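# just need the structure, nothing else, for what follows:
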Amino acid sequence: MADTSKFSILVVGSGGREHALVQMCLKSPLAERVIATPGNGGMASEVDCYNVDVEDIEGIVQLAQDHHIGLVIVGPEVPLSLGLVDALQAVGIPAYGPNAQGAQLESSKVFCKDFFARHNIPTAEYGSFTEVAPALEYLDTHPAPIVIKASGLAAGKGVIMAETQAEAIAAVKDMLEGNAFGTSGHEIVIEETLYGEEASIHAIVSGDDFVCLPPSQDHKRAGEGDTGLNTGGMGAYTPTSRVTAEMQAQIEAQVLRPTLDGFKADGIHFCGTLYAGLMLTPKGVRVLEYNVRFGDPETQVLLPMVADDLVPVLLASAKGEALPAKLNFHPGAAIVIVLAAGGYPDTYPKGDTITLPTTTPERSAIVHAGTTRAEDGTITTNGGRVLGISGQAPSLQAAADLAYSVCDQVHFDGKYLRRDIGHQELNR
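Predicted coordinates:
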């Protein structure tokens, strides 16, 4: 942590999370140069972007070597599961994120649930299946409401909350027989429905060492009032008052520490982000799932709240070195509102021109997710979640007012947003 020599940084990915990471790196005194691959319209306006696909492991390694990169920050889960960190470490390039072995915690829900069971980490009761008949037998003794999950990576969409037995049976058949989520759904997890409020805890991990970012809450459902289809996330805020200092200590003792001990017991050397999706139930904290990278859109609110330079912390994790005892955070709250293309998360158009305000208020930011930039500088839509508009203020209400005021200055055909992000916290 003491080394203060500058180095070049490569951010891998093309979404809002990666744009937020690029913006963070650009502010670091340690960053000599920041580049991205493949990037998006917003990143291309700020740094050099290279068109190497996130699944092209050899191509990314070559890019990092060509540009003498001192730290690679891997944004999405797919390259982690494909062993990008392993490949970079093999040529001596520090990379932030877990190796392929550690990435299984996200790339296989069955691996994750079995890990929970093995190490007594509190979670929902479950069964895992690759065949329809035993899965339907399980549903006979565990009737709806029930949750059906594709075991593999499904970009945040492989989860069906079945309210009726008919919906549950249809979901099982769609995944195991109907190929609803491709190979990701050829193995499924059926688990009990947990009731309560969700929260997310992000920890930066380096072997036995971890340090937490503030607790946050994501809004997965497409519609206001948390209705409609599950999405990759329509907005997020931090902190959430549901996670008190006492509960935070409980989560660290009953969830995070046993997880790190479990890694050691299983022979997994884990470095990178451990992102625990939690349900705060009347019976206590339960872990819904683990992700092994920063959340999207949570990253867009968490990074601005950190008062310290995170780059040396991520580098220490990438090298398996000691982390600081704690991080310092700005007071107040932060919120991000996702501006989505009409029709998301189903079918939606691409290529619509985006009009952005020429200036934004202090402590607000426009983070690009699904955008592309033409040679003349025109920004157009290129994904379902198009932009994230964030605001930071002494209170969540003030942060929300700030972010929504900027949302109203952004224009593209079919722009869709939820006007109630943070509603649970604001209505307490």
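# low-confidence ranges, this structure, go.
Low-confidence segments of the chain, defined by pLDDT under 70: 1-4, 154-157, 180-185.
# leaving out chain neighbours, which residue sits closest to the residue nearest to the spatial centre of it?
With distances taken as Cα atoms, centre = their mean, Gly295 lies nearest the centre of the chain, 1.7 Å away. Sequence neighbours aside, Tyr275 is the residue nearest to Gly295 in space, at 5.4 Å (criterion: Cβ to Cβ, 6 or more residues apart in numbering). The C-beta positions use only the backbone N, C-alpha and C, and glycine is treated the same way.
# and the next helix or strand past the strand or helix carrying the one you found?
If you go by DSSP states H and E, Tyr275 is part of strand 271-281. Moving toward the C-terminus from strand 271-281, the next helix or strand (DSSP H and E) is strand 284-291.
# can you give me how far that next one is from the chain middle?
What separates the centre of strand 284-291 from the centre of its chain is 14 Å, taken as Cα atoms, centre = their mean, to the nearest Å.
# quick one: contacts of it?
77, 105-106, 109, 112, 116, 121-124, 194, 196, 198, 247, 250-251, 254-255, 259, 273-279 (Cβ atoms under 8 Å, 6 or more residues apart in numbering).
# change it to 7 Å
By Cβ atoms under 7 Å, 6 or more residues apart in numbering, the residues outside strand 284-291 that reach it are 77, 105-106, 109, 112, 116, 121-124, 194, 250-251, 254-255, 274-279.
# buried set for it?
For strand 284-291, the neighbour count (16 or more other Cβ atoms under 10 Å) marks Val285, Arg286, Val287, Leu288, Glu289, Tyr290, Asn291 as buried.
# output it as CSV, restricted to C-alpha atoms.
Output of strand 284-291 as CSV, limited to C-alpha atoms (Å, rounded to 0.1, in the frame of the first residue of the first chain):
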residue,chain,number,x,y,z
GLY,A,284,-32.4,-12.7,10.7
VAL,A,285,-30.1,-12.1,7.7
ARG,A,286,-30.2,-14.6,4.9
VAL,A,287,-27.8,-14.6,1.9
LEU,A,288,-29.8,-14.7,-1.4
GLU,A,289,-26.6,-15.1,-3.5
TYR,A,290,-23.1,-14.0,-4.0
ASN,A,291,-21.7,-12.0,-6.9
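# going forward, the N-terminal residue is numbered 59.
I'll keep to 59 as the first residue from here, and by that count the last item is strand 342-349.
# Ala451: how many residues sit nearby?
When neighbours are defined as other Cβ atoms under 10 Å, Ala451 has 18 of them.
# check contacts around it.
Gly390, Ala391, Arg421, Ala457, Leu460.
# what helix or strand is Gly320 located in?
Judged by DSSP H and E, Gly320 forms part of helix 315-324.
# now that helix: buried residues?
Buried, per 16+ other Cβ under 10 Å, within helix 315-324: Pro316, Thr317, Leu318, Gly320, Phe321.
# list the residues that contact Gly400.
So Gly400 contacts Tyr406, Gly472, Tyr474 (Cβ under 7 Å, 6+ apart).
# most neighbours among the residues you listed, which one?
That'd be Tyr406 among these, by other Cβ under 10 Å, with 19 neighbours.
# need the contact list for Val301.
Counted by Cβ under 7 Å, 6+ apart, Val301 has contacts Ala257, Pro273.
# hmm, 10 Å instead?
Residues counted as contacts of Val301 (Cβ atoms under 10 Å, 6 or more residues apart in numbering) are 255, 257-259, 272-275, 308-309, 336, 338, 343.
# can you put those in TSV and add secondary structure and distance to Gly446?
Converted to TSV, the contacts of Val301 look like this (DSSP: H, G, I helix; E, B strand; the rest coil; distance: Cβ to Cβ, whole Å):
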residue	secondary structure	distance to Gly446
Glu255	strand	22
Ala257	strand	19
Ser258	strand	16
Ile259	strand	20
Pro272	coil	17
Pro273	coil	19
Ser274	strand	13
Gln275	strand	15
Gln308	helix	31
Ile309	helix	26
Leu336	strand	22
Leu338	strand	25
Val343	strand	27
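# what's the end-to-end length of stretch 411-423?
Terminal residues of stretch 411-423 lie 19 Å apart, using Cα to Cα, to the nearest Å.
# for stretch 312-327, C-alpha coordinates in CSV please.
The C-alpha trace of stretch 312-327 is given here as CSV (Å, rounded to 0.1, in the frame of the first residue of the first chain):
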residue,chain,number,x,y,z
GLN,A,312,-22.0,-14.5,10.4
VAL,A,313,-21.7,-14.2,6.6
LEU,A,314,-18.4,-12.6,5.4
ARG,A,315,-15.9,-14.1,7.9
PRO,A,316,-17.4,-17.7,7.5
THR,A,317,-17.2,-17.2,3.7
LEU,A,318,-13.5,-16.3,3.8
ASP,A,319,-12.9,-19.3,6.2
GLY,A,320,-14.8,-21.5,3.8
PHE,A,321,-12.6,-20.4,0.9
LYS,A,322,-9.6,-21.4,2.9
ALA,A,323,-11.1,-24.8,3.8
ASP,A,324,-12.0,-25.4,0.2
GLY,A,325,-8.5,-24.4,-1.1
ILE,A,326,-9.8,-21.3,-2.9
HIS,A,327,-7.5,-18.2,-2.9
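# what comes into contact with it?
Here stretch 312-327 has contacts from 156-157, 159-160, 162-163, 173-174, 176-181, 259, 261, 263-268, 270, 306, 309-310, 328-329, 332, 334, 336, 342-345, 348, 378, using Cβ under 10 Å, 6+ apart.
# hmm, which of the residues you listed are the buried ones?
156-157, 159-160, 162-163, 173-174, 179-181, 259, 261, 263-265, 267-268, 270, 306, 309, 328-329, 332, 334, 336, 343-345, 348.
# in the sheet, which strands lie alongside the helix or strand harbouring Ile67, parallel or antiparallel?
Using DSSP H and E, Ile67 sits within strand 65-71. According to DSSP bridges, strand 65-71 has the following sheet partners: strand 89-96 (parallel), strand 127-132 (parallel).
# how is the chain carved up into domains?
The chain breaks down into these domains under automatic domain parsing: 65-161, 183-250.
# in a markdown table: those domains, plus distance to Val425.
Formatted as a markdown table, the domains of the chain follow (distance: least, Cβ to Cβ, whole Å):
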| stretch | distance to Val425 |
| --- | --- |
| domain 65-161 | 5 |
| domain 183-250 | 17 |
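# now for these, which one comes closest to Thr411?
Of all these, domain 65-161 sits nearest to Thr411, with 11.1 Å by Cβ to Cβ.
# the closest one: end-to-end distance?
26 Å.
# which residue is the nearest non-sequential neighbour of Gln147?
Per Cβ to Cβ, 6+ apart, closest to Gln147 is Ala153, 6.3 Å.
# same question, Ser209
Glu245 (4.0 Å).
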